[in-house]
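In: Let's see this in three dimensions:
(one chain, ligands or ions: 1)
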Amino acid sequence: SPTIIWFRQDLRLSDQAALAAAAQAGPVIPLYILDDESPRQWAMGGASRWWLHHSLASLDEQLRAKGSRLILRRGRCVDVLAQVAKDSGAQVVHAIRHHEPWWRNAEKAVARQIDLRLHDGGLLLPVEAVRTGGGTPYRIYTPFSRAVMLHMPPAPPQPAPQRIDAPLHWPVSDRLEDWKLLPRDPDWASGFSADWSPGEDGAKRYLDSFLGEVGDYAVARDLPSQEGTSRLSPHLHFGEISPAKVWHRVAQAPGDATVYLKELIWRDYAHNQVWALPTYGSENAQPAFDAMHWRDLREARGDWAAWKQGRTGYPIVDAGMRQLWQTGWMHNRVRMIAASFLIKHLLIDWRHGARWFWDTLVDADYANNSVNWQWVAGSGVDANLFTRIMAPLTQSDKFGAADYIRQWVPELAHLDDRVIHDPDFHGVRPASYPEKRIGHREGRERALTAYRQMKG
Ligand code: FAD
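Out: Numbers count the residues shown, from 1 in each chain. Model prediction:
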């Protein structure tokens with residue numbers, strides 16, 4: 001009887017332990033289930049769906065080149081797996097382990113019905129593989145990172161299986177087009193294709209093109225005006241490339257890769273935190289923050305809309321929010337600035353911001369998004385202090401964001417480097433660009449007062 005490989009956020013053929021195990025066992029049914037029920041409020045957002053569509057098309061193409069194909073089904077994954085297994089006579093399902101709470105629940109439910117074999121490969125190290133001297137999971141990034149480093153490099157990546165045998169009968173499959181994952185009326189993703197090529201081949205190309213820049217990464221990664229980062233985040237989220245493969249290729253590239261490899265460990269760290277605290281995306285990791293008086297979203301709706309649309313009057317924030325809307329991605333330094341601005345200057349609950357990112361990022365990832373938002377908010381297990389309030393205008397200047405602003409905020413493109421970070425202050429703000437929603441000092445004071453009240 002055939003074996004099922006259940007693809008989720010691991011849409012690749014190479015270094016895919018679940019696929020390798022299935023292929024070795026005989027005929028294989030490659031299956032992807034679009035499941036909007038199990039994740040409930042964490043069903044995939046719009047930008048991720050755009051990515052998923054193209055990634056699945058690419059995976060199907062790769063499988064066909066090996067004489068196989070991708071079966072698409074929609075519904076609760078537990079039910080669909082049981083049905084496909086029953087219809088095809090499959091007795092075993094192979095899958096890579098994932099750490100989001102809804103996947104953990106689904107894995108448990110599936111395992112009650114069928115022989116589910118879970119494999120590692122989503123992270124550099126299996127979740128909770130490293131522990132403190134006291135035997136507990138690490139909560140703080142730096143010691144976690146040091147402990148992971150002791151186990152590096154990860155096992156060498158494995159090539160794609162030579163053969164993927166087809167079953168005698170293919171189960172029925174949905175048509176990808178019928179899932180309507182791509183936006184229409186309006187097609188807000190029309191700009192995405194210029195920036196991205198979802199799928200395993202695209203991931204390899206992005207990695208290859210980054211290898212020459214590894215040596216510059218430590219400095220360039222903080223400069224939004226340069227393309228100094230790898231842009232692998234959506235590929236890593238969808239598992240189109242394994243972190244182990246990224247590790248090995250980057251570590252062998254010319255230049256010191258340490259800073260980059262540590263960022264990659266942040267990803268492992270975030271997934272470990274979500275494993276330890278599954279509600280990380282919806283609840284403050286530090287319960288003290290439950291007493292924080294965030295502004296009511298109805299009362300703050302003008303500010304909330306301005307933030308989403310990139311019309312706050314802070315050029316660096318607006319450039320970031322527009323880059324996000326137009327490309328589905330935002331530079332990490334600017335993510336920090338924009339998130340901090342929402343949480344502190346506008347005093348809006350981090351959960352609203354995280355949800356907006358969830359819907360608009362092509363790399364939206366439950367662990368990375370939740371842990372980073374709570375890091376900025378100060379409410380995370382290992383977080384920045386709330387009282388350390390980023391000054392967006394200073395940050396913009398310090399990290400040389402002038403060209404970045406020119407690219408994403410065309411109303412300001414004619415301004416020179418000296419004045420572009422704060423056109424209001426220099427009296428050069430064009431009528432088409434909004435005034436600041438709130439002054440830096442005023443916003444900062446309001447945030448600090450709210451924090452003091454929270455502390456009681
Ligand atoms: P590079 O600098 O090339 O880094 C390589 C890889 O390391 C990334 O692809 C990513 O997988 C990992 N990485 C880097 N920084 C981090 C980090 N701080 N935390 C976890 N992993 C990291 N990243 C996501 O993948 N999905 C998200 O939903 C997400 N939401 C974020 C929200 C906020 C408020 C902030 C401040 C950061 C968020 N990040 C998220 C982390 C980071 O901004 C992105 O991973 C990074 O910008 C992706 O670009 P890159 O691939 O060029 O990164």
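
In: what about stretch 154-173, distance to the chain center?
Out: 26 Å (CA atoms, centre = their mean, to the nearest Å).

In: what does this protein put close to the ligand?
Out: 221, 229-233, 236-237, 263-264, 266-267, 270, 332, 335-336, 339, 357, 361, 363-365, 368-369, 372-373, 376 (CB under 6 Å from any ligand atom). Where you see a C-beta, it was placed from the backbone N, CA and C, and this is true even at glycine.

In: Pull out the buried members of those residues.
Out: 221, 229-233, 236-237, 264, 266-267, 270, 332, 335-336, 339, 357, 361, 363-365, 368-369, 372-373, 376 (16 or more other CB atoms under 10 Å).

In: Return the subset of the residues you listed lying in strands.
Out: In strands, defined here by DSSP state E, there are no members of those.

In: Looking at these, which are in helices?
Out: 233, 236-237, 264, 266-267, 270, 332, 335-336, 339, 357, 368-369, 372-373, 376 (DSSP state H).

In: any idea how far Asp35 lies from Thr360?
Out: Applying CB to CB, to the nearest Å, the value for Asp35 to Thr360 is 21 Å.

In: OK, contacts around the residue lying closest to Arg175 once chain neighbours are set aside?
Out: Spatial nearest neighbour of Arg175, excluding adjacent residues (CB to CB, 6 or more residues apart in numbering): Leu72 at 7.5 Å. Neighbour list for Leu72: Tyr32, Leu34, Leu56, Ser173, Asp174, Arg175, Leu176, Trp179 [criterion: CB atoms under 8 Å, 6 or more residues apart in numbering].

In: Could you export whichever strand or helix holds Ala251 as CSV, CA atoms only?
Out: Ala251 is part of helix 243-252 when elements are defined by DSSP states H and E. Output in CSV follows, covering the C-alpha atoms of helix 243-252 (Å, rounded to 0.1, in the frame of the first residue of the first chain):
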residue,chain,number,x,y,z
PRO,A,243,17.6,25.8,7.8
ALA,A,244,20.4,23.2,7.9
LYS,A,245,21.1,23.8,4.2
VAL,A,246,21.1,27.5,4.7
TRP,A,247,23.6,27.0,7.6
HIS,A,248,26.0,24.9,5.7
ARG,A,249,26.0,27.1,2.5
VAL,A,250,26.4,30.4,4.5
ALA,A,251,29.1,29.0,6.8
GLN,A,252,31.1,28.0,3.8
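
In: packing partners for it?
Out: helix 200-211, helix 258-276 (3 or more CB pairs under 8 Å, 6 or more residues apart in numbering; DSSP states H and E).

In: hmm, who's touching that helix?
Out: Contact with helix 243-252 is made by 14-15, 121-124, 152-157, 207, 210-211, 214, 230, 232, 236, 257, 260-261, 264, 267-268, as judged by CB under 8 Å, 6+ apart.

In: Enumerate every residue touching Cys77.
Out: Cys77 neighbours (CB under 8 Å, 6+ apart): Trp6, Ile33, Asp35, Ser38, Ala106, Val110.

In: Which members of those are the farthest-apart pair?
Out: Maximum pairwise distance among these (CB to CB): 12.7 Å, between Trp6 and Ser38.

In: which of the two has more neighbours?
Out: Trp6 (25 against 19; other CB atoms under 10 Å).

In: In which helix or strand does that one reside?
Out: Using DSSP H and E, Trp6 maps to strand 3-7.

In: That strand: how far from the chain's middle?
Out: On the basis of CA atoms, centre = their mean, strand 3-7 sits 24 Å off its chain's mean C-alpha point.

In: got the buried residues for it?
Out: Buried residues in strand 3-7, defined by neighbour count with 16+ other CB under 10 Å: Thr3, Ile4, Ile5, Trp6, Phe7.

In: Pretty sure the fourth one sits against Ala95.
Out: Yes: at 4.1 Å, Trp6 and Ala95 qualify as touching, with contact defined as CB atoms under 8 Å.

In: Now for these two: what residues contact both?
Out: With CB under 8 Å, 6+ apart, Trp6 and Ala95 have common neighbours Ala18.

In: Smallest gap between the stretch 51-200 of the chain and the ligand, at which residue?
Out: Tyr141 (9.3 Å; CB to the nearest ligand atom).

In: And that residue, what's its pLDDT?
Out: For Tyr141, the pLDDT comes out at 97.

In: How about Ser88?
Out: Model confidence at Ser88, given as pLDDT, is 98.

In: which residues touch it?
Out: Ser1, Pro2, Ile4, Ile29, Pro167, His169, Pro171.

In: If we use 10 Å, what do you get?
Out: Applying CB atoms under 10 Å, 6 or more residues apart in numbering, we find Ser88 in contact with 1-4, 27, 29, 31, 71, 167-171.

In: Kindly report the same for Thr387.
Out: Applying CB under 10 Å, 6+ apart, we find Thr387 in contact with Lys344, Gly378, Arg444, Ala447, Leu448, Tyr451, Arg452.

In: And the strands in the protein?
Out: Under DSSP E, the chain gives strands at 3-7, 28-34, 71-74, 92-96, 115-119.

In: domains in the chain, as residue ranges please.
Out: If you go by automatic domain parsing, the domain ranges for the chain are 1-121, 123-153+199-276, 287-455.
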